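Visitor: predicted model, plus sequence, below.
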Amino acid sequence: MRHDKLEKELQLLLLLSENRSYSVEQLCRKMETSKRNLYYYIEFFRDAGFKVEKYGNCYSIDRSSPFFGRLIEPFKELIVLSCTNI
């Protein structure tokens with residue numbers, strides 16, 4: 001059960017972080033989920049530190065959200081190490 005929820009959360013994260021906004025109906029259709037569940041996922045992202053933006057009926061995630069920085073941080077060292085090994 002938790003695996004399915006995590007999969008939906010990650011799918012929504014990918015959709016919301018694209019360079020466009022999606023309406024609630026579009027997100028529900030793409031994710032095959034209810035509006036109720038969609039709003040739970042959006043609230044989860046807000047609680048986790050993402051800047052979820054709403055324009056009318058459309059949502060997106062601001063890529064300057066602090067959580068993205070935390071996701072990228074471990075990879076910065078890998079990039080530096082790979083560049084110095086060239």
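Guide: Cool, got the structure.
Visitor: use CA for all of it now, contacts and neighbours both
Guide: Will do.
Visitor: ok, Ser65 to Cys28 distance?
Guide: The gap separating Ser65 from Cys28 is 23 Å, by C-alpha to C-alpha, to the nearest Å.
Visitor: same thing with Lys51?
Guide: The span separating Lys51 from Cys28 equals 20 Å under the rule C-alpha to C-alpha.
Visitor: what's the answer for Glu9, then?
Guide: Distance, Glu9 to Cys28, by C-alpha to C-alpha: 12 Å.
Visitor: quick one, what contacts Arg20?
Guide: Ser60 (C-alpha atoms under 8 Å, 6 or more residues apart in numbering).
Visitor: part of a strand, is it?
Guide: No. Arg20: not assigned to a strand; according to DSSP: H, G, I helix; E, B strand; the rest coil it is coil.
Visitor: which secondary structure element is home to Leu27?
Guide: helix 24-31 (DSSP states H and E).
Visitor: what about the protein, any weak spots by pLDDT?
Guide: 1-2, 74-86 (pLDDT under 70).
Visitor: show me the helices in it, by range?
Guide: Using DSSP state H, the helices of the chain run over residues 2-16, 24-31, 35-47, 66-84.
Visitor: CSV for those, including mean neighbour count?
Guide: CSV is the format used below for the helices of the chain (neighbours: other C-alpha atoms under 10 Å):
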stretch, mean neighbour count
helix 2-16, 14
helix 24-31, 15
helix 35-47, 15
helix 66-84, 11
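Visitor: in CSV: those, plus distance to Tyr55.
Guide: Output for the helices of the chain, formatted as CSV (distance: least, C-alpha to C-alpha, whole Å):
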stretch, distance to Tyr55
helix 2-16, 13
helix 24-31, 11
helix 35-47, 14
helix 66-84, 21
